[in-house]
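>>> Can you look at this prediction? I've put the sequence above it.
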Amino acid sequence: MVAWSSLRFNSGREIANRFVIAPLTTDASHEDGTVAEEELEFVRRRAAGGFGAVISSAAYVEDDGRSWQGIGAAHEGHLSSLQRLAEAMRAAGSLAILQIYDGGRISKPELIGENRMRAPSAVASLRPGARTPRAMTADEVEHLIASFRKAASLARKAGFDGVEIHGANHYAVHQFFSPRANHRTDKWGGTLSKRMNFPLAVAQAVRDAVGPELIAGYRVTPFEAEADGYKLDDARLLCDELAKLNLDYISVSLDDYRKSRPAGETRVYNGPVEQTEVPAESPITEIARVIAGRSAVMASGGIKTCADAEGAIALGADLVAVGRAVVVDPEWLAKVRSRDEASILAGLPRDEREIAGTSSIPPRMVEYLLSRPGWIPRL
């Protein structure tokens, strides 16, 4: 089966199989952005199954862009923490990839301080209770690009095999591309081509920082489900330009790859799905077609079995990112490999007190997961 075959990236790095641990928010780091021991155990236990690659939880690149209490890649003080994380991710032979992000208008005031939220434009998120951010100055935009470059350099120093830019799920890079969030009239907004400038500048900065021998990836939401959002055709144009930068892969972020459903900005997981665009063909297929082999394509969303993985690959993916299934069952890949899928855990324990111990999930991450009803199944 294709899922168990190796693949060589543009950088020359080789992944042993097509299974990747998706970036998973732990919300469990120390307040200074250094990794906690519980996070490391969460990663070690899941990576032990033999995934081809492990992508970290997203690391913030500036203090003013924190959306949860996660790891940092903002300055040299985070280097030793990143080194420990890279070692944990690579312990079983997986490639270690650091995802980096900025929260923009969905940063948390309690983490960044009052009145410090900044974004492409002074437009509030659709999330309940969202505050209106301050529009970034042109100098601040340039500084944020430099911060992504610095974070990628820290990842290289820390021993990671690559870096993934979080350009999806309504965080800052996504916001610059979104006509809903970006109302700028300078070089960073307005027309579609100008809204692409920031994502492309960040991608080029990361590619330059990691060099040609490390992996550079980009995670994209293929279209916005909300009214007045960007369309799949817009994302196809962005991915075409990203592929010209010699990226190693582009990850298509979906809540469920079968239903072509991206994550909504409101983050309501158990309510009715609002989706204004239903593509005739899978976004995975559309994006794979425009990339045309210049970069690998990664699919995510609802990968629960080997058949699911092969189904995503049949749509045009080269790699599959497994998220919720490996949160629920740390031994998921080992069971898939041994064809013992009947024993895969279907959900987290019903008793909240059992989750952290039996599933090796940090206590703060347990709180975070349970705050998103409907996202993680329970037994």
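Noted; the coordinates are in hand.
>>> Helices along this structure, start to end?
37-47, 79-90, 109-112, 138-158, 172-177, 192-195, 197-210, 232-243, 283-291, 306-314, 324-328, 332-337, 352-359, 363-370 (DSSP state H).
>>> export the ones you listed to CSV and tack on mean neighbour count?
No exception for glycine: its C-beta is placed from N, CA and C like everyone else's. Output for those, formatted as CSV (neighbours: other CB atoms under 10 Å):
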stretch, mean neighbour count
helix 37-47, 20
helix 79-90, 20
helix 109-112, 14
helix 138-158, 19
helix 172-177, 28
helix 192-195, 16
helix 197-210, 22
helix 232-243, 20
helix 283-291, 21
helix 306-314, 19
helix 324-328, 22
helix 332-337, 20
helix 352-359, 15
helix 363-370, 18
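>>> Go through those helices and name the closest to Tyr257.
For Tyr257, the closest of those is helix 306-314, at 5.3 Å, according to CB to CB.
>>> on that earlier part again, redo the helices of the chain as a markdown table? Include mean pLDDT and distance to Phe19.
Output for those, formatted as a markdown table (pLDDT from 0 to 100; distance: least, CB to CB, whole Å):
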| stretch | mean pLDDT | distance to Phe19 |
| --- | --- | --- |
| helix 37-47 | 97 | 11 |
| helix 79-90 | 98 | 14 |
| helix 109-112 | 96 | 32 |
| helix 138-158 | 98 | 22 |
| helix 172-177 | 98 | 25 |
| helix 192-195 | 98 | 33 |
| helix 197-210 | 98 | 23 |
| helix 232-243 | 98 | 23 |
| helix 283-291 | 98 | 16 |
| helix 306-314 | 97 | 7 |
| helix 324-328 | 97 | 9 |
| helix 332-337 | 97 | 6 |
| helix 352-359 | 91 | 19 |
| helix 363-370 | 93 | 22 |
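>>> any chance of those in TSV, with distance to Ala124 too?
Listed next are the helices of the chain as TSV, based on distance: least, CB to CB, whole Å:
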stretch	distance to Ala124
helix 37-47	31
helix 79-90	32
helix 109-112	12
helix 138-158	18
helix 172-177	11
helix 192-195	19
helix 197-210	19
helix 232-243	22
helix 283-291	27
helix 306-314	34
helix 324-328	29
helix 332-337	38
helix 352-359	32
helix 363-370	23
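>>> Of all these, which one is nearest Ala59?
Closest among those, once you apply CB to CB, is helix 138-158, at 6.6 Å.
>>> For the nearest residue to Leu214 once chain neighbours are set aside, give me the pLDDT.
Nearest residue to Leu214, sequence neighbours excluded (CB to CB, 6 or more residues apart in numbering): Gly162, at 5.0 Å. For Gly162, the pLDDT comes out at 98.
>>> rewinding a little: of all the helices of the chain, which one is nearest Leu126?
In terms of CB to CB, the element of the helices of the chain nearest to Leu126 is helix 172-177, at 11.8 Å.
>>> Measure how far that closest one is from the centre of its chain, please.
13 Å (CA atoms, centre = their mean, to the nearest Å).
>>> coming back round to it: so which of the helices of the chain gets nearest Val297?
Per CB to CB, nearest to Val297 of the helices of the chain: helix 283-291, 4.6 Å.
>>> List the residues that contact the residue nearest to Arg66 when sequence neighbours are not counted.
Leaving aside its sequence neighbours, Arg66 sits nearest to Leu111 (CB to CB, 6+ apart; 4.3 Å). The contact partners of Leu111, taken as CB atoms under 8 Å, 6 or more residues apart in numbering, are 66-69.
>>> Name the nearest of those relative to Gly229.
The nearest one, if we look at these relative to Gly229 and count by CB to CB, is Ser67, at 19.6 Å.
>>> Tell me how many other residues crowd the residue lying closest to that closest one once chain neighbours are set aside.
For Ser67, ignoring the flanking residues on the chain, the nearest one in space by CB to CB, 6+ apart is Gly103 at 3.6 Å. Counted with other CB atoms under 10 Å, the neighbours of Gly103 add up to 28.
>>> mind checking pLDDT for Gly103?
Reported pLDDT for Gly103: 98.
>>> could you dump stretch 175-185 to CSV, C-alpha only?
What follows is stretch 175-185, C-alpha atoms only, in CSV (Å, rounded to 0.1, in the frame of the first residue of the first chain):
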residue,chain,number,x,y,z
GLN,A,175,-6.0,36.5,8.1
PHE,A,176,-3.7,38.3,5.6
PHE,A,177,-5.1,36.2,2.8
SER,A,178,-8.7,36.5,3.9
PRO,A,179,-10.8,39.3,2.4
ARG,A,180,-12.9,39.1,5.6
ALA,A,181,-10.0,39.9,7.8
ASN,A,182,-7.8,42.0,5.6
HIS,A,183,-9.1,45.4,4.5
ARG,A,184,-5.7,47.0,3.9
THR,A,185,-5.1,49.2,1.0
